[in-house]
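J.: Below: sequence and its predicted model.
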Amino acid sequence: MKKITSLLFLVVLTSLSGTEFSIAQVHKSPQKPNIIIVITDDQGKGDLACEGNAYVKTPTIDKFYSNAVRFTNYHVSTTCAPTRGSLMTGRHSNRVNVFHTINGRSILFNDEVILPQVLAQNGYTNAMFGKWHLGDNYPYRPEDRGFHEVVRHGGGGLGQGPDYWGNDYFDDTYWHNGKMEAYKGYCTDVFFDNALRFIESNKDKPFFCYISTNAPHSPYNLPKKYLDLYQGEKYKDINDRTLRFYGMITNIDDNFKRLEDKLKSLGIADNTIVVFTTDNGTAAGRGVFNAGMKGGKGSQYEGGHRVPLYIRWPNGQLTGGKDIDALVAHYDLLPTFVDLLGLHFNPIKPLDGKSVKPLLQDKNTVWENRILYMDTQREQNLIKYKQYTVMDANWRLVDGRELYDIKKDIGQEHNVIKDFPEVAERLAVGYENWWKSFVDEGVNEKYAYIKVGSPKENPSRISAHDMIIGKYSDAWHQDGARKGAQAAGKWKIEFEADGEYTISLRRFPRESNLAINSAFPAQKEAIELDRTTAASTKTDFKEAFLYVANISKSMEIKEGQDEVVFKGKIPAGKYDMEAQLIDKDGRVFPAYYVYIEKVK
């Protein structure tokens, strides 16, 4: 990547995550723009009024759309964590250990250099609010990777295993710079509240604000007033799930208006790059309107990965409601920011993305006919030929068996592979070369080890969300702990230092104050809640077993006991860890929560 010329000096910096990369200090300029990325969860291209949906109410985003540059052929991964992994690194998610949403395969390798690190070393103050989903433990948390201010939930959604016990979108507890903190209000409102405070506090210096909402991800919990907006004759044929989904989107739209108003009141709107996008295809809107596309979240068809991307920057002449139809992807954003803002960044690893600055600055730019690849893995290891699409400007090869002329057939209804075998062959060769490129990097043989015993996080609160298992189990979710979902697997753990450690095995996390064999009824349903919280299944766990490093031991679980504590001197190193709860019939369940603490 081309270096800027006005440098003061060149250094080699070791980041918080241990990544080395070349960095240059640049002359400070008052003209350096702020950056705000708003990315929503599970909202597809068709879930906006400005994209043609006659039912959803999004007046503020519609207005933003009318004055932004719009990429109409923008693609992301088919699920949430992979999209975030690519957006942050400029590399395909399959390369960076983010090809699933659970099972230790949503933890972004700590030797990847990510966008906030690049921005921080170019003078930016960075904050993120909402959903991270790239690792909940050191050294993978956002505060370990270039963000200076963080308010986030755990895992891939509220109520999932890594999240604070019992969060339900209302008056929840989130991690504020690594510490649990209680907040009042609806989740999306809280994340925007904190984002607006950060923006106001940093208005006089360049900042990056990453607002990553968990909404409109399930469960479809929302304030009643937003559900009430979608009642009446017009909506009588739309199911309750989709109406809740739309209500959550309208709440996001109201918060987007608060963001726009704040930028104007502070006088910084013109020199702020605002990006609106989403992380995958629709989860709940496909049956109503899907912008003519086939497929939704998780699908290799167009509706699974073609999503909105709107960018506005008045001082950079990025306004006017202009469409750009070139084929681009999420991993293009990092190199675009580097190029557009004149940042210095020498990537150690090759990027899959390329700067779209030429497209932003000249609509008549000749853009190469790139071949891009998206797939849906969601397995413990990468599997070749699994649910994939190969894309160029005109064609989509799906699963090697279907070929679509996408400019004529956005709905992918007419398979023309027999008519254009040479096109299918060209795209198939591209797929083979692409697959080999990251298999050669040894991705299937590499794991992201959770580091314990560090002063950056001690104790470490680890959940079954990141346990590596073969057969699918609900153990990754809080409901799995409540119901007693069976699973057997292992965690990848690195003990940073020799020392005395306590390792505590639990069914429920400490903040729950529940014993291992506790039983309790389902949470009472309220109109704001999409579903009830699962009841706790009666269990009869009798034994806890731990295997890690030099410890291989079983201990009895006593009546009313909330955790079983193992102690030992453990040498520094990388280990597989098994932590199990065993019932009276000898059935094996995971310890859904494990706390590892280095004794001081």
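T.: All right, it came through fine.

J.: C-alpha only now, for contacts and for neighbours.
T.: Will do.

J.: centroid residue for this structure?
T.: residue 81 (3.5 Å; C-alpha atoms, centre = their mean).

J.: wait, isn't that residue in contact with residue 104?
T.: No: applying C-alpha atoms under 8 Å, one finds residue 81 not in contact with residue 104, separated by 11.5 Å.

J.: Given the lengthiest strand in the chain, what are its sheet partners and their directions?
T.: If you go by DSSP state E, the chain has its longest strand at strand 573-583. As defined by DSSP bridges, the strand partners of strand 573-583 come to strand 491-495 (antiparallel), strand 541-548 (antiparallel), strand 588-590 (antiparallel).

J.: Now do stretch 471-491: distance from first to last residue.
T.: 15 Å (C-alpha to C-alpha, to the nearest Å).

J.: Just the buried positions in it, please.
T.: Across stretch 471-491, burial judged by 16 or more other C-alpha atoms under 10 Å covers 474-491.

J.: what's next to stretch 99-109, contact-wise?
T.: 79-82, 85, 93, 96-98, 133-135, 140, 156, 376-380, 382, 447-448, 464-469, 476, 491 (C-alpha atoms under 8 Å, 6 or more residues apart in numbering).

J.: Same list (the strands paired with strand 573-583) but as CSV, adding distance to residue 109 and mean pLDDT.
T.: Formatted as CSV, the strands paired with strand 573-583 follow (distance: least, C-alpha to C-alpha, whole Å; pLDDT from 0 to 100):
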stretch, distance to residue 109, mean pLDDT
strand 491-495, 13, 98
strand 541-548, 22, 98
strand 588-590, 25, 97
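
J.: mind putting those in CSV, distance to residue 459 included?
T.: CSV is the format used below for those (distance: least, C-alpha to C-alpha, whole Å):
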stretch, distance to residue 459
strand 491-495, 12
strand 541-548, 17
strand 588-590, 19
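
J.: Tell me which of those strands sits most buried.
T.: Among the strands paired with strand 573-583, ranked by average contacts under mean count of other C-alpha atoms under 10 Å, first place goes to strand 588-590 (a mean of 24).

J.: if we can go back for a sec, could you tell me which of the contacts of stretch 99-109 belong to strands?
T.: Going by DSSP E, the strands hold residue 491 from the contacts of stretch 99-109.

J.: Listing request: residues of the stretch 501-600 of the chain with sub-threshold pLDDT.
T.: Along the stretch 501-600 of the chain, segments meeting pLDDT under 70 span 523-525, 531-532.

J.: any chance you could map the strands in it?
T.: Counting by DSSP state E, counting those that start in this stretch, the stretch 501-600 of the chain has strands at residues 541-548, 551-556, 564-570, 573-583, 588-590, 593-598.

J.: will you turn these into a markdown table that also has distance to residue 41?
T.: Formatted as a markdown table, those follow (distance: least, C-alpha to C-alpha, whole Å):
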| stretch | distance to residue 41 |
| --- | --- |
| strand 541-548 | 36 |
| strand 551-556 | 41 |
| strand 564-570 | 37 |
| strand 573-583 | 32 |
| strand 588-590 | 29 |
| strand 593-598 | 26 |
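
J.: closest to residue 242 out of the ones you listed?
T.: Nearest to residue 242 among those is strand 593-598 (33.2 Å), distances taken as C-alpha to C-alpha.

J.: Partner strands of that closest one and their direction?
T.: Partners of strand 593-598 in the sheet, by DSSP bridges, are strand 460-463 (antiparallel), strand 499-506 (antiparallel).

J.: Just say which of those strands is most tucked in.
T.: Of all those, strand 460-463 has the most neighbours on average by mean count of other C-alpha under 10 Å, namely a mean of 23.

J.: Contacts for that strand next, please.
T.: Residues outside strand 460-463 that contact it (C-alpha under 8 Å, 6+ apart) are 137, 161-162, 452-453, 476, 592-597.

J.: could I have that strand exported to CSV, CA atoms only?
T.: C-alpha atoms of strand 460-463 as CSV (Å, rounded to 0.1, in the frame of the first residue of the first chain):
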residue,chain,number,x,y,z
SER,A,460,-11.1,-15.0,33.5
ARG,A,461,-14.8,-15.8,33.1
ILE,A,462,-15.0,-18.4,30.3
SER,A,463,-18.2,-19.9,28.9
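
J.: Tell me the helix or strand right after that strand.
T.: Elements were assigned by DSSP states H and E; along the chain past strand 460-463, the next helix or strand is helix 478-483.

J.: residues in contact with residue 515?
T.: By C-alpha under 8 Å, 6+ apart, residue 515 lies in contact with 507-508, 560-563.

J.: All set, thanks.
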